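J.: Got a sequence here, can you build the structure:
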Amino acid sequence: QVQFVESGGGLVQPGGSLRLSCAASGFTFKTYPMTWYRRAPGKERELVAIISSTGGSTDYADFVKGRFTISRDNAKNTVYLQMSSLKPEDTAVYYCNAVLSWTLRRAAFDSWGQGAQVVVSS
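T.: Sure, this is the predicted structure:
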């Protein structure tokens, strides 16, 4: 059974930092690219960052480039999202999932975790 457990969310002031973690299980983690998505209130889910199966390549949505860093630990089946210079518009629930391939960036599994709530507010 595929499972994702996100953690590390919270309330942070604008300009602050948070580190999210996502522990994955139920599939061969090291063979999949992994992604972070987010869903802001009233908006569709959007892709934030992607990392290749080995961790050698990363890519980011324009709205987080230079501020967020995705990484992974294949020994721990965990993917991370280091978020810096946070803005109020980064407020959202953050989710992780595997994707089918680097080019076909569609969620590989129908299972989703509970997400990590991030609130950026003064």
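J.: can you map out the strands along this protein?
T.: Per DSSP state E, the chain carries strands over the ranges 3-7, 10-12, 18-25, 34-39, 46-51, 58-60, 68-73, 78-83, 92-98, 116-120.
J.: Name the residue closest to the centre of this protein, please.
T.: residue 36 (2.3 Å; C-alpha atoms, centre = their mean).
J.: Report the beta-bridge partners for that residue.
T.: Applying DSSP bridges to residue 36 gives these bridge partners: residue 49, residue 96.
J.: want to throw the strands of the chain into JSON lines with distance to residue 109 and mean pLDDT?
T.: Quick note: C-beta positions are derived from backbone N, CA and C, even for glycine. Listed next are the strands of the chain as JSON lines, based on distance: least, C-beta to C-beta, whole Å; pLDDT from 0 to 100:
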{"stretch": "strand 3-7", "distance to residue 109": "8", "mean pLDDT": "98"}
{"stretch": "strand 10-12", "distance to residue 109": "26", "mean pLDDT": "97"}
{"stretch": "strand 18-25", "distance to residue 109": "9", "mean pLDDT": "98"}
{"stretch": "strand 34-39", "distance to residue 109": "11", "mean pLDDT": "97"}
{"stretch": "strand 46-51", "distance to residue 109": "15", "mean pLDDT": "97"}
{"stretch": "strand 58-60", "distance to residue 109": "20", "mean pLDDT": "97"}
{"stretch": "strand 68-73", "distance to residue 109": "16", "mean pLDDT": "98"}
{"stretch": "strand 78-83", "distance to residue 109": "14", "mean pLDDT": "98"}
{"stretch": "strand 92-98", "distance to residue 109": "6", "mean pLDDT": "98"}
{"stretch": "strand 116-120", "distance to residue 109": "18", "mean pLDDT": "98"}
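J.: of these, which approaches residue 110 most closely?
T.: Nearest to residue 110, of all those, is strand 92-98, at 9.4 Å by C-beta to C-beta.
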